[in-house]
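Colleague: predicted model follows, preceded by the sequence.
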Amino acid sequence: METPQTQPNNPLHGVTLETIVTFLVERYGWVELNRRIEINCFYSHPSVKSSLKFLRHHDWARTQVENLYLETVWRDGAESRDGATTPE
């Protein structure tokens, strides 16, 4: 039996695209998410399912979503380490 490979330098290893989209929607909502990343699947009849379908076919959009996720997680982590709170 093979052991799973680890990717210590890949912060997205083991994080699914569905997890990323769901996290961002819960954090920002569809309106703010569309403001940050202007793609139609976040604006016109937004849903996690339609967003996943679009993002799986368009690498440029997926990269933007992954980058926003990483920035948000990093910022949230930095703020919690500094004792600051995030304005909603």
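Modeller: All right, it came through fine. Numbers count the residues shown, from 1 in each chain.
Colleague: where do the strands sit along this protein?
Modeller: With strands called from DSSP state E, the chain shows none.
Colleague: so where do the helices sit in it?
Modeller: 17-36, 48-57, 59-82 (DSSP state H).
Colleague: which outside residues touch the second one?
Modeller: Outside of helix 48-57, the residues that reach it under the criterion Cβ atoms under 8 Å, 6 or more residues apart in numbering are 17-18, 21-22, 25, 39-42, 61-62, 65. All C-beta spots, glycine's among them, are computed from the backbone N, C-alpha and C.
Colleague: mind listing what's buried along it?
Modeller: 51-52, 54-55 (16 or more other Cβ atoms under 10 Å).
Colleague: residue 33: which of these is nearest?
Modeller: Of all the buried residues of helix 48-57, residue 33 sits closest to residue 51, with 8.9 Å by Cβ to Cβ.
Colleague: separation between that closest one and residue 21?
Modeller: Separation of residue 51 from residue 21 (Cβ to Cβ, to the nearest Å) stands at 5 Å.
Colleague: for residue 75, same thing?
Modeller: 18 Å.
Colleague: looking at the two, which is more packed in?
Modeller: residue 21 (22 against 12; other Cβ atoms under 10 Å).
Colleague: for the more buried one, give me its contacts.
Modeller: By Cβ under 8 Å, 6+ apart, the neighbours of residue 21 are 48, 51-52, 55, 65.
Colleague: in the contacts of helix 48-57, which residue is surrounded by the most others?
Modeller: residue 42 (26 neighbours).
Colleague: count of neighbours near the residue lying closest to that one once chain neighbours are set aside?
Modeller: Closest residue to residue 42 apart from its sequence neighbours, by Cβ to Cβ, 6 or more residues apart in numbering: residue 34 at 3.9 Å. The burial count assigned to residue 34 is 17, neighbours taken as other Cβ under 10 Å.
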